[in-house]
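Enquirer: Give me coordinates for this.
(chains A and B)
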Amino acid sequence: MSAQVSRKRAGVFGRELIVKAIGDSFRKLSPLWMVKNPVMFVVEVGSALSTAVAIRLYVLGQPTVASFTLQIAIWLWLTVLFANFAEALAEGRGHAQAAALRGTKISATAKRQVGSTWEEVAATELRRGDVVRCSAGDLIPSDGTVIKGTAAIDESAITGESAPVIREAGGDKSAVTGGTRILSDEVWIEVTANPGETFLDRMISLIEGAVRQKTPNEIALAILLAGLTLIFVVVVMTTEAFAQYSGLHLQLVILVALLVCLAPTTIGGLLSAIGISGMDRLLRHNVLAMSGRAIEAAGDVNVIMLDKTGTLTYGNRMATEFVPLPSVEVKDLARSAMIASLADDTPEGRSIVALAKEQFGLTEPEDESEPPVYHSFTAQTRMSGVDLGSRQVRKGAPDAVLSYVGGVPAELEGRFGEIVDGIAHQGGTPLAVADGGRVIGVIHLKDIVKVGIRDRIAAIRKSGIRTVMITGDNPITARTIADEVGIDECLAQATPERKLEYIEQQKAAGYLVAMVGDGTNDAPALAAADVAVAMNSGTSSAREAANMVDLDSNPIKLIDIVEIGKQILITRGALTTFSIANDVAKYFAILPAMFVPIFPGLEALNIMHLTSPESAVLAAVIFNAVIIPMLIPLALRGVRYRPQSAAITLRNNLFIYGLGGLVLPFIGIKLLDMLITALGLVALR
Amino acid sequence: MTLIGSLGIIVFFGLVTLAVKPVGLYLYNVFDGGRTWLDPILVPCERAIYKLGGVDPKREMRWTEYLFAMLAFNLVGFVLLYPVLRLQGALPLNPQHFSGVGAHVAWNTAVSFVTNTNWQAYGGESTLSYLSQMWLTVQQFLSPITGLAMVLAFIRGLTRKNASTLGNFWVDLTRAFLWIALPVAAVAALVLIALGTPQNFAPYTVAHTLQGAKQVLPQGPVASMTSIMQFGDNGGGYFNTNAGYPFETPNSASLMFQLILGFLVPVGLTYYFGKKAGDTRQGWTIFAAMMVLFAFGVFATYWAEAAGNPLVSHVLQHAVPNMTGKETRFGVAGSSLFETSTTAVSWGSTAAANDSFTPIGSLILLFNMMTGEVIIGAWGVGLLGMLAFAILAVFLAGLMVGRTPEYLGKKIQAYEVKMATLAMIVPTFVILGLAAWAVSTNGGLSGIFNPGPQGLSEVLYAFSSGVGNNGSAMGGLNAAAPFYTWTVGFAMLIGRFPMYIPALAIAGSLVKKQSVPPSIGTFPTNSWLFGLLLISTVVIVGALVFFPALALGPLAEQFAMSGGHLFGGVPK
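Expert: Okay, here's the model as predicted:
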C-alpha cells in the first residue's frame, strides 16, 4: 500500500483514528505531559481539586453541594480530555501516515563498493560518501546521487505517483530517494545521508510530530496564553480575599470554575492541534515541510518567484499564426510551413503541423514521387526543412533563412522587417518560411499560458503578494508573457546569480521571498529564500537547500503552500480572538452567581436571567468544555481562506470570531442553563 | 445633565482636538531637527548644558544604556529629594517653621514625586516648607520629561529600521526641558497669576473674620507649582484640597485653563507618533481610540453625578444631582470633566472629593486608572501604554489576516509578546495583590474609614492610582498610615521604573528589525476598525480582569443604592 493511498483513506474522522485518539486523551492526562501546556495544566489541577472537594463533601454527608461540585469536576475533566482529544486526533492522522511510510522502509541489503570490488552490507550500515550499485528490482538503500548510469525508478512509495521517473548521472535529475525501487537498468549511487537521516526517516519523524518544533508564532502565542492564565489565577485568588472582606465565603469549586472559564482554554486546548494539522494539510498536498517555521513563513511571504517555463507556460513555444508576405496566400504559407515541419519532431514543429491542420484543414501530402530529403535543425544552419526533388522548403531564424535564399526583394523588405519585429515585440518568436528559394511569410511562435494560471495569479495578488516571473527570455518577451499572465514583475535573462541577487535585494527591503527550484544551480537562491520549495525530481543539493519538498514536482503548488501557511495563522488568530471574547459572557454568568448571596443588587448583572447561581456556574463550565470539541473540525480543517485584502479579511474575521465570540456564549450559556433547569441537574433554591 | 453642561464638555473635546496637530508638529520640530522660534535663545543654553554635563549629543544609546541613564537620573532625584524633606526644619525658606517630614511620609513623598505620581500622603500647606514645595516642583519638571523621553525612545524603536540605538537620553531630556516644560510652565504660571493664583514667599496671612474668628490663609509659590503640576500631568497640588482650593483654582476660567494645559503634550504626542511613523493617520487612530474611551468616561460620570443619589432625591421630594464634595463654582459638569480627566490624563490633582462621587462615577475613575493610564495618560507613558496595547491588539487579532502580526511593519514575535505580557501582568498583580493584602490584614483594614464596598473601592483606588502613577486619591483612607505609605510607595515604584524595562526592551528589539513595506496584505492599523479593536483590547484585556473586584466595590454599592440600601457607619 502506498503512502498516498493511506493518506487519502485517513479522513478527518476515520473511526479507527477516533478510537485511538480517545485512548490517547486519557494517556495525556499525565501531569508530566500536561505541564507543557500551562493553560490546560491549570484546568487539570482545578479538576483534581474539585474532585477532592466533591469526595470530601460526600463523606461529610452534604449530597446536594457534593453533587453540584462533582458535576463541575466532571466537566472540568472533560475540558482537559477534549483538549487532549483534539491534539491526539491531529497527531493520530500523522501517525497513520507515518506507519504507512514505515512499511516501505528498507530492510534490504546493498552492494557497497570496496576498492574495485563490491560487498553486501545492510542498508542501515551505509554512510554518507559510500558508493552502491543497484540494478532493476532493487530497492534503493539510501538517499543518494546517481554518479553513473540511467535508470527508471518507481517513486510511488514517496510520492504516490505510479508513473516511473528517469534518474541519470549528471544534470538536474540525479537525486534518488531511499525506499524507491529501480525498474530497469543499473546505476551507481553515491550515498548522501547517514542512517536515520534519510529523506524517508525525516519524513516519518516529521509526520509523527516527534521532532515537531513549535513555530515562532506559536511560541509567542503560548507565552501570551500562559501570561493570561497567570493573571486570571491572581484575579481569582484576590477575588477570594475581596469576597472575604465583603463577608462572603466562596466555595472553592466556584473559584475554580471562574478560573477555568476565564483562562483561554479554547485556544489553549486547540493550539497544538492547529499546528499539527497544518503540517498534515501540507502533506495532503504532497508537500513536505522540513520545519514548522517554513510553513509559517509561507503565510508571511510578500514576494513569490515563479519560473515562466513549466510553471506559467507549457514549457514550449507553439505556433499561433501564419503571417504571409503580400501576394502570398495564407493557406499556401501554412502548407509550406507544414511541409517544412513534417519531419520536425520538436514540440514547435509539431505545433506548426497541428495549427496548419486545424486552421486550414490541410492534410499531410500523399507519397511523393521522389523521396523527400529532410534537413534537421543544427546550431550552424539554424533552419530545418525538406527537399522535395528540386523544391526546397525551409523554416528557421529569419536572418538564417534570409541569407539562405539571398534576401527578399527590395519592395518586400520593409514589410518583412515589420512582421518579424512585430512578432518579437509581442514576445513571440518569428520563424521565416522559404519555399522554392523565396521567402513567403513568417510563423508566429509564442509561449502558451497554462489554463487557469491567470486566475490563480490574480487571486494571490489580491492578498497583497507580489508575483515575479523568472525567465531566461529577453525583457520584452518576458514582459509580454508577464502581462498576459498578470504577473507584477519579471526577472528577465535570469541567471542563478541574478536570482540570488534579486532575493537578497528583496530581503534587504524587508520582503519575505518564496521560490521554487530544482537544479543544483538553484541551491544558493533556495538557501537564501524564506520559503524554498524543491522539486522531488530535483538534485539532492536543491533538496537540501530548500525548506520544503514538493513530492509531485509541481511548481505552481507554491501558491497552495502560501495559502496553507496563511490558513494556519488565520485559524490560530480566529480561535484566539474567539476564546478571549468569550470571557465577557462568562463573567456575566459567574459573577452574579458568586456575589448575589451577599449583594442581592448584583442580580442586575445576571442579564441572561439564569435560573440559579449553581445552574449559571454549571452552564458556563459546560459551555467552556463543549466549545472545544465543537471547534475541533475547524481547528483541523482550518478557517477558510479567501484571497482578498487584509482589511477585508480582518473585517470579516473580526465580525465572525470577535463579535461571534462575544455573542455566542451568551446564547449558549442561556440554552445550557435552560437545559440544566429542565433536567433538574442542580438543586433549585 | 444639562444642555449647557454637555455642550461645555463637547466644546472642551473640540479644543483638545484642535491642539493635537500644532502641538504634535512643535514636538516634531523640537525632537527631529526642525526649527522653532525659541532656537536663538535655547540652542546656546542647550550647548552649555551639554558642555557642563560632558554630554556628546551625537552619541546614540542602545536600549540598556538609555534605561540605565534614565534610572540613574531618577535615583539621583530621589536621593536629593528625600533629605530635603527630612531636614526641612533646618533648611531655609521655612517661615511657618515646619519640622522635618517623618520617615514613612518622606519616603512615600519622594517616591511619589520621582515617579510622576504625586500621591500626597501629607497636606502641603500644613506640612511642607517653601523649599520643600519648590523642591517638589523641580521633580514636577523632571519626572514628566523622563516619561516623554521614554516614549521618544519607544517610537524610535518602532520607526527606525535595522538600527541598534534609540537616541540619547540626555539630549531628549534636555530638549524636553528647555523647549517644552520650561517655556510653557513659565507662561502658564503668569496666566495663572493673572487669573488670581498667589505667588509669593510671605508667611501665611492671619485674617480676622467678621464673626471674629481667626483664619489662617496659606499661600506661597503657588502659581509656579500649579502650572507645571498641571502641564506636566503631575498633580501634586500645593494645597491639600488641591485644585478645588480657591487659591489654586480661583475660578472656572482657571479650571478650564488647567484642564487644557494637562492635555497638551499627551494628545500632541499622538500626532507626533503618526508623523514619525510616516502616516499621520496612525496617530489619529490612537488619538481617536483614546478620545472615545475618554468621552465615554466623562459622560458616564456626568450622567451618574447628575442623576445623584435616589435616596437623597426621595427625602428631598425632587431629583437633585450629587453635589456632595463638589465645588459649587465648578458644578457637576465641571467636576465630572475634571475628575475623569485627572484619572485619564493621569495628572491626579483633584477639584472635587472623589470619595463623595456616586459609585458609578468612581467606577469610571477606577476604570481609567486600572486600564493602565492609557486613555490619553501622562507625558509619554500614556502613549507608551496605548502603543503596548496596540501591539497586543495586533498580535491577538493580526493573525486573522494570515500573516505574522506586525505593527508599523515590525514583526511582533515571541520576545515582544513576552515583554508586553510582563508589562500587562505586573501592574495587575500589584494592584490586586496589594488590595487583597490590605483588605485581609489589620494594617490595611484599620486605615479604611468607610467599611463595605466603598472601603474596597478606596483601597482599589489607592493602589490603582499608585501603580498608574496617577496620584489622585479617593480619600476615606488613612494614606499617612505606615501600611499605606509603604505599600502605595511600592506600588508607585513598580508602576514606574520596572515598567520601563519591558517597554524599552521591546523598543530595543524592534529597532533592530527590518520593516516590511505595507501592501494590501498588511494588517491596517490606521483605520476605524483598528481603533475599535484597540478599544476592545483595552476593555477586555485591560479592564476585565478587575471585573470581580469592581463588582464587589462600586457595582455592588451602586445596585444596592438603586435598591434603597446604603452602607453607612463608623470605622470598625
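Enquirer: I'd say B:Ala480 and B:Ala121 touch.
Expert: Yes. Contact criterion C-beta atoms under 8 Å: B:Ala480 and B:Ala121 qualify, at 4.8 Å. All C-beta atoms are positioned from the backbone trio N, CA, C, and that covers glycine.
Enquirer: of these two, who's got more company?
Expert: Taking other C-beta atoms under 10 Å in any protein chain shown, B:Ala480 and B:Ala121 do not tie; B:Ala121 has more neighbours (23 against 17).
Enquirer: Run through the residues that contact the more buried one.
Expert: Residues in contact with B:Ala121 (C-beta atoms under 8 Å, 6 or more residues apart in numbering or on different chains) are B:104-105, B:108-109, B:112, B:479-480, B:484-485, B:488.
Enquirer: Save these as CSV, and put in distance to B:Gly220 too.
Expert: Shown next, in CSV, are the contacts of B:Ala121 (distance: C-beta to C-beta, whole Å):
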residue, distance to B:Gly220
B:His104, 24
B:Val105, 19
B:Asn108, 22
B:Thr109, 17
B:Ser112, 19
B:Ala479, 22
B:Ala480, 21
B:Tyr484, 27
B:Thr485, 24
B:Val488, 26
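Enquirer: quick one on the thing from earlier: residues that sit against both of B:Ala480 and B:Ala121, list them.
Expert: Jointly contacting B:Ala480 and B:Ala121 under the rule C-beta under 8 Å, 6+ apart are B:104-105.
Enquirer: Quick check: of the contacts of B:Ala121, which has the highest neighbour count?
Expert: That'd be B:Ser112 among those, by other C-beta under 10 Å, with 32 neighbours.
Enquirer: Following the chain past the helix or strand encompassing it, name the next helix or strand.
Expert: Using DSSP states H and E, B:Ser112 sits in helix B:103-114. On the C-terminal side of helix B:103-114, the closest following helix or strand by DSSP H and E is helix B:124-127.
Enquirer: could you check the angle helix B:103-114 makes with whichever helix or strand comes after that next one?
Expert: Per DSSP H and E, helix B:124-127 leads on to helix B:130-159 as the next helix or strand towards the C-terminus. Using axes from the mean of the first three to the mean of the last three C-alpha atoms, to 10 degrees, one finds that helix B:130-159 and helix B:103-114 are set 40 degrees apart in direction.
Enquirer: same for helix B:130-159, what does it pack against?
Expert: If contacts are counted by 3 or more C-beta pairs under 8 Å, 6 or more residues apart in numbering or on different chains; DSSP states H and E, helix B:130-159 sits against helix B:63-86, helix B:103-114, helix B:169-175, helix B:222-231, helix B:252-276, helix B:381-398, helix B:482-510.
Enquirer: residues making contact with the second one?
Expert: Contacts with helix B:103-114, where a contact means C-beta under 8 Å, 6+ apart, come from B:74, B:77-78, B:81-82, B:85-86, B:100-101, B:117-122, B:127, B:136, B:139-140, B:142-143, B:234, B:236, B:471, B:480, B:482, B:485-486, B:488-489, B:492-493, B:496.
Enquirer: Tell me where the model's unsure across chain A.
Expert: A:1-13, A:103-108, A:160-162, A:206-213, A:315, A:366-369, A:684-685 (pLDDT under 70).
Enquirer: residue closest to the middle of it?
Expert: Compute the mean C-alpha point of chain A, and by C-alpha atoms, centre = their mean the closest residue is A:Ile561, 3.0 Å away.
Enquirer: Could you check how far that one is from A:Asp550?
Expert: Distance, A:Ile561 to A:Asp550, by C-beta to C-beta, to the nearest Å: 8 Å.
Enquirer: overlap in contacts of the two?
Expert: Common contact partners of A:Ile561 and A:Asp550 (C-beta under 8 Å, 6+ apart): A:287, A:533.
Enquirer: neighbours around the one residue in the stretch 201-350 of chain B that gets nearest to chain A, how many?
Expert: With C-beta to the nearest C-beta, the shortest gap between the stretch 201-350 of chain B and chain A falls at B:Pro310, namely 12.6 Å. Counted by other C-beta under 10 Å, the residues lying close to B:Pro310 total 13.
Enquirer: OK, contacts around the closest residue to it other than its chain neighbours?
Expert: Closest residue to B:Pro310 in three dimensions, ignoring its sequence neighbours and counting by C-beta to C-beta, 6 or more residues apart in numbering or on different chains: B:Ser562, at 6.4 Å. With contact taken as C-beta under 8 Å, 6+ apart, B:Ser562 is in contact with A:601, A:604, B:310.
Enquirer: ok, now A:Tyr58?
Expert: Going by C-beta under 8 Å, 6+ apart, A:Tyr58 touches A:66, A:70.
Enquirer: returning to that earlier point: A:Asn536: which of the contacts of B:Ser562 is nearest?
Expert: Proximity of the contacts of B:Ser562 to A:Asn536 (C-beta to C-beta) peaks at A:Ala604, which lies at 65.4 Å.
Enquirer: who's in contact with the closest residue to that closest one other than its chain neighbours?
Expert: Of all residues not flanking A:Ala604 in the chain, B:Phe559 sits nearest, at 5.1 Å (C-beta to C-beta, 6+ apart). Contacts for B:Phe559 were tallied using C-beta under 8 Å, 6+ apart; they are A:599, A:601-605.
Enquirer: Which of the helices or strands spans B:Phe559?
Expert: Here B:Phe559, judged by DSSP H and E, is contained in helix B:556-562.
Enquirer: List the buried residues for that helix?
Expert: Judged by neighbour count using 16 or more other C-beta atoms under 10 Å in any protein chain shown, the buried positions of helix B:556-562 are B:556-562.
Enquirer: now that helix: how far from the chain's centre is it?
Expert: What separates the centre of helix B:556-562 from the centre of its chain is 29 Å, taken as C-alpha atoms, centre = their mean, to the nearest Å.
Enquirer: ok, now stretch A:92-106?
Expert: With C-alpha atoms, centre = their mean, you get 20 Å for stretch A:92-106.
Enquirer: Count the residues that sit near the residue nearest to A:Lys462 when sequence neighbours are not counted.
Expert: Spatial nearest neighbour of A:Lys462, excluding adjacent residues (C-beta to C-beta, 6+ apart): A:Pro643 at 4.3 Å. Using other C-beta under 10 Å, A:Pro643 has 21 other residues around it.
Enquirer: can you pull out the strands in the stretch 1-150 of chain A?
Expert: Here the stretch 1-150 of chain A has its strands, by DSSP state E, counting those that start in this stretch, at A:109-114, A:117-122, A:131-135, A:144-148, A:150-154.
Enquirer: list the contacts for whatever residue of the stretch 401-550 of chain A ends up closest to chain B?
Expert: Proximity of the stretch 401-550 of chain A to chain B (C-beta to the nearest C-beta) peaks at A:Gly464, 2.2 Å away. A:Gly464 sits next to A:302, A:645-646, B:519-522 when contact means C-beta under 8 Å, 6+ apart.
Enquirer: so it sits in a strand?
Expert: No. Counting by DSSP: H, G, I helix; E, B strand; the rest coil, A:Gly464 is not part of a strand but coil.
Enquirer: quick one, phi psi at it?
Expert: A:Gly464 adopts backbone torsions of phi 80, psi 20, taken as degrees, to the nearest 10.
Enquirer: Nearest spatial neighbour of it, chain-adjacent residues omitted?
Expert: Counting by C-beta to C-beta, 6+ apart, B:Gly521 is the residue found nearest to A:Gly464 once chain neighbours are left out, at 2.2 Å.
Enquirer: Which parts of chain B belong to which domain?
Expert: Listed by automatic domain parsing, the domain ranges of chain B are B:3-14+B:25-277, B:281-562.
Enquirer: Make TSV out of the strands of the stretch 1-150 of chain A and add distance to chain B and mean neighbour count.
Expert: Output for those, formatted as TSV (distance: least, C-beta to the nearest C-beta, whole Å; neighbours: other C-beta atoms under 10 Å in any protein chain shown):
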stretch	distance to chain B	mean neighbour count
strand A:109-114	44	18
strand A:117-122	44	12
strand A:131-135	44	19
strand A:144-148	36	20
strand A:150-154	38	19
